[in-house]
Structure formats: structure tokens, C-alpha cells
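Engineer: fold the stuff below for me.
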Amino acid sequence: MSGLEVRVACQQIHPEVGQLERNRALTKEAVREAVAAGARLVVLPELSNSGYVFESAEEARACGEPADGATLRAWSEEAGQGDAVVVGGFCELGEDGLLYNSAAVVDGGGVLAVYRKLHLWDREQLVFEPGRDCAPVLETRVGRIGVGVCYDLNFPEVARGLALAGADIIVLPANFPGHPRPEGERPIEVTLAMATAHLNHVFAAVCDRCGDERGVEWVGGSVVCDEWGWILARPPEDGGPGMVVADCDFALARNKAWNERNDVFGDRRPELYRLDEPASIA
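Structural biologist: As a prediction, this is how the structure comes out:
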């Protein structure tokens, strides 16, 4: 026993756009259920307080809540029942009056951090202000948690930065819109989570949503991966609601050796990598 064993639960739920009271009750119950099942780290989807498919910027703004609002207080109350940490997405009305697609990290003592999504997907750019601060790694009572949101998963620089900063697990609230894929293939978003965990030798927990919302169907791709990238807990088979649970030994993520000669970080040669350089065309 390493002392870093943590039960991780992703709660794949069905928020409804604009239904603030319903969504608050839904997320509160989801945290309560996960904590009762022994989870010490509970993950909720992106924008789980508000829903996602807004008809206008005005509708989105009407769903915004401050970080000290009722929803995050409810999460904190339930987290305190099991000495747990909750990471969940919410529509944040910032102190600056701007609207953000954010992820909050809370425990029984309150809000530990709020991360504002850096990379906005499609029509999110018409509603939200992009974040201006690096994705954080938090030293919590359950381990070192690195936080991103959904489309951030598509930027390997984010995950590598979190891993280099000491994350044991990379946690991403998400809303993955469904799209066609070849028969028999898993969702590409699940593959991305596996690759993120493998390449950085960290655990990964991605919590997607489910249900139809204004004609948009969701992947339902919640997953927990181990430090080698293998799936510890799969999404519900029908893509519907459910709790995706796995026991993780975070100590395993702190050993970055591939074998006796190779190391995830030690083998890096960043002085030879081309970063942010325009391509040259012959």
C-alpha cells in the first residue's frame, strides 16, 4: 500500500440547458452518490450547472454563476461528507462581468481553484471569454490534480505541462458532441484520453455528459485510464447516464521510468524541438 490509493468516479449525467435548479440538484445528488460509493475524487461534466447548447449569449449569461454561488457550495457540502474532492464544469460569471467556461475544484472546505478553459470549441467562442491563466496542478488531500476542460485534451502541450508540473492525474470535465465513426471503433475522445495518460505516465479521468440537447447527441465517453494509458473504467455501454469508477494508485504516476534505460521526462530534448515556429515552404 502506497498511501496514494484513490477511488475516482466520473458521473456521466444529463444536464438540461437553462434548468439551473434542476441541474444543481442533479449534480449535488451525483456527488452524493459517488461519495457514498467511496469516491475521494468525483468528476462532473463540462457546464454541468447550465447545459451547453445555448440559443444566444444572453441565454448563456442568464445561466452564469459566481464561484461562490449556490452550485459550488452544494458540491462542497457533499464533498465534505466523505473528505472528497470534486472537479466539475460550470458556467462562470466572473467578477469582471465576463462569462467563462470553467472547471471548479472544491472540497469540504470550499473552492480550491477555478480554471477557465483556454481552448474554446466552435460556438463557445460566441459566448465565452477564453481563459488567460495556465491550466493548474493542485496539491489536494487526495493527490496532485491537473485540470483541463474538454477541447484542451486536443492540445498535448496542456497535458505535458500538467505532467511536468507534477500532476498524478489529469482531470477533464467534457461535453463531447457526437459524430460519425467507423463501425467497431471506440470514440476518438477515449483514444485521446488513453494517449494523454500513456505519453505523460499519469492517470486520466474524463467525464462526459449524455442525453439529447436541442438536437445535439453526446458521445457519452467518460473514462478513467491508468498511468500506462489502459482503460480502468469504461463508459456506460449505451452512452447513457452512469457512474464510471476506478481505484487508482497515484504513486505509480510518480515513477516516470519506461524501463531501466528510458524515462518519460529524462529522455526529452526540448532544446531540439520546434515550438511555435512557422512552417517553411520550399
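Engineer: which parts of the longest helix anywhere in the chain count as buried, going by neighbours?
Structural biologist: Using DSSP state H, we find that the single longest helix of the chain is helix 20-36. The neighbour-count check on helix 20-36 (16 or more other C-beta atoms under 10 Å) flags Leu20, Asn23, Arg24, Leu26, Thr27, Lys28, Ala30, Val31, Arg32, Ala34, Val35 as buried. Any C-beta I mention is one placed from the backbone N, CA and C, and that applies to glycine too.
Engineer: need the contact list for the fourth one.
Structural biologist: Applying C-beta atoms under 8 Å, 6 or more residues apart in numbering, we find Leu26 in contact with Ile13, His14, Pro15, Ser48.
Engineer: of these - the most surrounded one?
Structural biologist: Using other C-beta atoms under 10 Å as the neighbour criterion, Ser48 leads those with 29 neighbours.
Engineer: export the longest helix of the chain as PDB, just CAs?
Structural biologist: What follows is helix 20-36, C-alpha atoms only, in PDB (Å, rounded to 0.1, in the frame of the first residue of the first chain):
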ATOM      1  CA  LEU A  20     -30.400  25.800 -13.100                       C
ATOM      2  CA  GLU A  21     -32.300  24.400 -10.100                       C
ATOM      3  CA  ARG A  22     -32.700  21.000 -11.700                       C
ATOM      4  CA  ASN A  23     -29.100  20.800 -12.700                       C
ATOM      5  CA  ARG A  24     -27.900  21.900  -9.200                       C
ATOM      6  CA  ALA A  25     -30.000  19.200  -7.700                       C
ATOM      7  CA  LEU A  26     -28.700  16.700 -10.300                       C
ATOM      8  CA  THR A  27     -25.100  17.500  -9.700                       C
ATOM      9  CA  LYS A  28     -25.500  17.500  -5.900                       C
ATOM     10  CA  GLU A  29     -27.000  14.100  -6.000                       C
ATOM     11  CA  ALA A  30     -24.300  12.800  -8.400                       C
ATOM     12  CA  VAL A  31     -21.600  13.900  -5.900                       C
ATOM     13  CA  ARG A  32     -23.500  12.400  -3.000                       C
ATOM     14  CA  GLU A  33     -23.900   9.100  -4.800                       C
ATOM     15  CA  ALA A  34     -20.200   9.000  -5.700                       C
ATOM     16  CA  VAL A  35     -19.000   9.800  -2.200                       C
ATOM     17  CA  ALA A  36     -21.400   7.100  -0.800                       C
END
